[in-house]
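Colleague: Dropping the sequence and predicted coords here.
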Amino acid sequence: MIKSGSTHLFLLIKSLSKGEKRFFKRWSQLYASGRNNKYIRLFDAIDRQDANDEQKLLKNHKDISYGKQFPVLKNYLYGQLLKCMDHYHQSSHSEVRSLLHKVEFLVDKGLYSSCEKILRKAKLKAEQYNMPHYALELFRPWEKTLIAQRNDVEGMKRLLQEEQKTTDQLLRSREYQTLENQMYVYYLQSHGKRVKSIVRQAKKILQHKLMKHPEKNNLFEDKINFHWIYYSFYQISRDIPNSYLRAKSMLQLFHQSPEKCPLHVSLYLRIINNFLMSCIQLRKHEEIPQCLSDMREIKNLVRPNTETAKTYFFRYANHSVLYYLETGKYEAGRDAVEEIVTESKQYQKKLNDLERSALYVNLALFYWGLNDLHKCLDWINKIHSQVTVFVRDDLKLFLDVFFIIAHYEARHYELVLSLVRAARRQLKKKELSYQTESLMLQFFPRIIKASSNEEKIALFTELKNQLIPLAKNPTEKQSFDYFDYLGWVESKIQKRSFAEIVREKAKYLEVS
């Protein structure tokens, strides 16, 4: 039951698409008196609100409030909405459940012969969708009763064999899921640090009997779980080449069984996301366009106005922009990125702070590469105004430094000095020791004071020589993953565009 004053009903109504709202109105007319029905009028009243305000709603719609009955009306509407959406969104699970209900009804009525066809269909669907838990429900007295009616001894033996096989499959799948969950715990513990004890503990999972005989995996889902466990381990141990191979193996499983994509859209998106991350880390840029094309092909499998749709947009958009950043193909990506910017408006409020900051940073960097400082600064300002919580100090500090670099290029020197002082205060207050960012903060007051081009070139050359050893330092690597400081410095020394430097570097790294 939802509580009076809670936002659950408001958020549910606001999450519905136009199509879902239309279906609810039509569906409601079958069970109520249409517009005159109180809960329909409550639905319309809440739908018209921009923000959840029950006091205002009760004041303006006294005819539907009914005083103390208002919470009851809200709960009823909430339940009706969920029931209606269950009808609207027919999934593989609801399809099998519906068949099971029909079988149960016909058996209860003693119409055994009538339910045999439905029972066979239910079993085929359960096998097709890999739902052993539903298949086991089919081994209830329903099928046994049908066999007993025919006095079919061989049929009973066959049923027992099927039941045992399904039980074994279910136990195997659950054991894989348990191993995957255990490895995920270690993965979470390893975030932001490399602890040898965690790697040792995680490695024990790989010694499990299920991990030694992958050839015994008949189910698609078990094969995916097998590779996923290894993928997670290699992420924990920072073994990117093997992470890449495991992600690629999982993608190949989907490509070999394309009928599985509609059943596991979210999983497929996660695997593509992980594969793309590995490609970027290993600079396998040539594999990225095809992978992004594969993502576009499954867009029609994603229901609009859902969490999966938001996740799809973020991952596709972020990796598309990253591809142009990593390869320096800024001009080639201009139109595609403009489309992403347009589409981002409908997801702006749905992205969480981490997603919003990641995408906006990459968009700022993209426009930086195009030398469009106005749009670059605009996206940085959006981060400052729309991101309320930074979960990582290093990301927040990078944004501060990049903001300073952008304003330096725009020749806002007084603002640069003010931003440098603020960033230094944050470093001191939080007792953070980031050498790269500290070096950059020391550099800007000096370069602003430089009076000649020769003096500026000398300062940039000095900065380059200081940055080179930091770029090789494992503890400083994250800073250079966020932004190509050396590429920017080189562009100033050689008086060439940043984009040109990035393209040259990308080609060199791909060849080497």
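Modeller: Good, I have the coordinates.
Colleague: so what are the domain limits for this protein?
Modeller: Domain segmentation of the chain under automatic domain parsing yields 8-88, 92-178, 392-512.
Colleague: Take those domains and write them to a markdown table, including mean pLDDT and mean neighbour count.
Modeller: All C-beta spots, glycine's among them, are computed from the backbone N, C-alpha and C. Below are the domains of the chain laid out as a markdown table (pLDDT from 0 to 100; neighbours: other C-beta atoms under 10 Å):
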| stretch | mean pLDDT | mean neighbour count |
| --- | --- | --- |
| domain 8-88 | 77 | 15 |
| domain 92-178 | 77 | 15 |
| domain 392-512 | 88 | 16 |
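Colleague: which one of those lies closest to I240?
Modeller: Checking the domains of the chain against I240 by C-beta to C-beta gives domain 392-512 as the closest, at 12.1 Å.
Colleague: I271 contacts Q252, doesn't it?
Modeller: No. Applying C-beta atoms under 8 Å as the test, I271 and Q252 come out as separate, 10.2 Å apart.
Colleague: higher neighbour count, these two?
Modeller: Comparing I271 with Q252 by other C-beta atoms under 10 Å, the one with more neighbours is I271, at 23 against 11.
Colleague: Report pLDDT for the more buried one.
Modeller: Here the pLDDT value assigned to I271 is 95.
Colleague: so what's it up against?
Modeller: I224, A247, M250, L251, F254 (C-beta atoms under 8 Å, 6 or more residues apart in numbering).
Colleague: pLDDT score for the third one?
Modeller: Okay, so that is M250. For M250, the pLDDT comes out at 96.
Colleague: Would you mind measuring from it to L301?
Modeller: 17 Å (C-beta to C-beta, to the nearest Å).
Colleague: So if I had to pick from the two, which one is more boxed in?
Modeller: M250 (24 against 15).
Colleague: Would you agree the more buried one is in contact with H227?
Modeller: Yes. Contact criterion C-beta under 8 Å: M250 and H227 qualify, at 4.9 Å.
Colleague: Need the residues touching each of those two.
Modeller: In contact with both M250 and H227: no residue, using C-beta under 8 Å, 6+ apart.
Colleague: Can you add distance to V321 and give the domains of the chain back as JSON lines?
Modeller: Below are the domains of the chain laid out as JSON lines (distance: least, C-beta to C-beta, whole Å):
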{"stretch": "domain 8-88", "distance to V321": "27"}
{"stretch": "domain 92-178", "distance to V321": "34"}
{"stretch": "domain 392-512", "distance to V321": "14"}
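Colleague: how about the helices in the stretch 151-300 of the chain?
Modeller: Counting by DSSP state H, counting those that start in this stretch, the stretch 151-300 of the chain has helices at residues 153-189, 196-205, 220-236, 240-256, 265-281, 288-297.
Colleague: Which secondary structure elements does the fourth one sit against?
Modeller: Counting contacts by 3 or more C-beta pairs under 8 Å, 6 or more residues apart in numbering; DSSP states H and E, helix 240-256 packs against helix 220-236, helix 265-281.
Colleague: what's the offset of the first one from the middle of its chain?
Modeller: Centroid separation between helix 220-236 and its chain, computed with C-alpha atoms, centre = their mean, to the nearest Å, is 18 Å.
Colleague: Contact partners for L11?
Modeller: N52.
Colleague: same question, K121
Modeller: Here K121 is in contact with L99 (C-beta under 8 Å, 6+ apart).
Colleague: Please, which helix or strand holds it?
Modeller: helix 112-128 (DSSP states H and E).
Colleague: Deepest in the core, which of the helices of the stretch 151-300 of the chain is it.
Modeller: Most buried of the helices of the stretch 151-300 of the chain by mean neighbour count (mean count of other C-beta atoms under 10 Å) is helix 220-236; its value is a mean of 22.
Colleague: angle of it against helix 240-256?
Modeller: 160 degrees (axes from the mean of the first three to the mean of the last three C-alpha atoms, to 10 degrees).
Colleague: packing partners for helix 220-236?
Modeller: Contacts defined by 3+ C-beta pairs under 8 Å, 6+ apart place helix 220-236 against helix 153-189, helix 196-205, helix 240-256, helix 265-281.
Colleague: Select, out of these, the one closest to D53.
Modeller: D53 sits nearest to helix 265-281 of all these, at 33.7 Å, using C-beta to C-beta.
Colleague: angle of that closest one against helix 240-256?
Modeller: Using the same axes, to 10 degrees: helix 265-281 against helix 240-256 is 140 degrees.
Colleague: what's the angle between helix 265-281 and helix 288-297?
Modeller: Orientation check (the same axes, to 10 degrees): helix 265-281 against helix 288-297 gives 160 degrees.
Colleague: what separates helix 265-281 from the chain centre, distance-wise?
Modeller: Distance, centroid of helix 265-281 to centroid of chain: 10 Å (C-alpha atoms, centre = their mean).
Colleague: Spit out the contact partners of the closest residue to Q281 other than its chain neighbours.
Modeller: Sequence neighbours aside, I240 is the residue nearest to Q281 in space, at 5.0 Å (criterion: C-beta to C-beta, 6 or more residues apart in numbering). Listed by C-beta under 8 Å, 6+ apart, the contact partners of I240 are Y234, S278, Q281, L282.
Colleague: Nearest to E307 among the residues you listed?
Modeller: Of the contacts of I240, the one sitting nearest to E307 (C-beta to C-beta) turns out to be S278, at 24.5 Å.
Colleague: show me the contacts for M295.
Modeller: Contacts of M295 (C-beta under 8 Å, 6+ apart): L269, I272, Y312, R315, Y316, H319.
Colleague: Kindly provide the distance from it to H264.
Modeller: Going from M295 to H264 by C-beta to C-beta gives 14 Å.
Colleague: D50 now?
Modeller: 36 Å.
Colleague: For the closest residue to K299 other than its chain neighbours, give me its contacts.
Modeller: Leaving aside its sequence neighbours, K299 sits nearest to Y312 (C-beta to C-beta, 6+ apart; 6.7 Å). If a contact means C-beta under 8 Å, 6+ apart, then Y312 has L269, M295, K299, V302 as its contacts.
Colleague: Identify, from these, the entry nearest to L415.
Modeller: M295 (39.5 Å).
Colleague: Since that was my last question, I'll sign off now.
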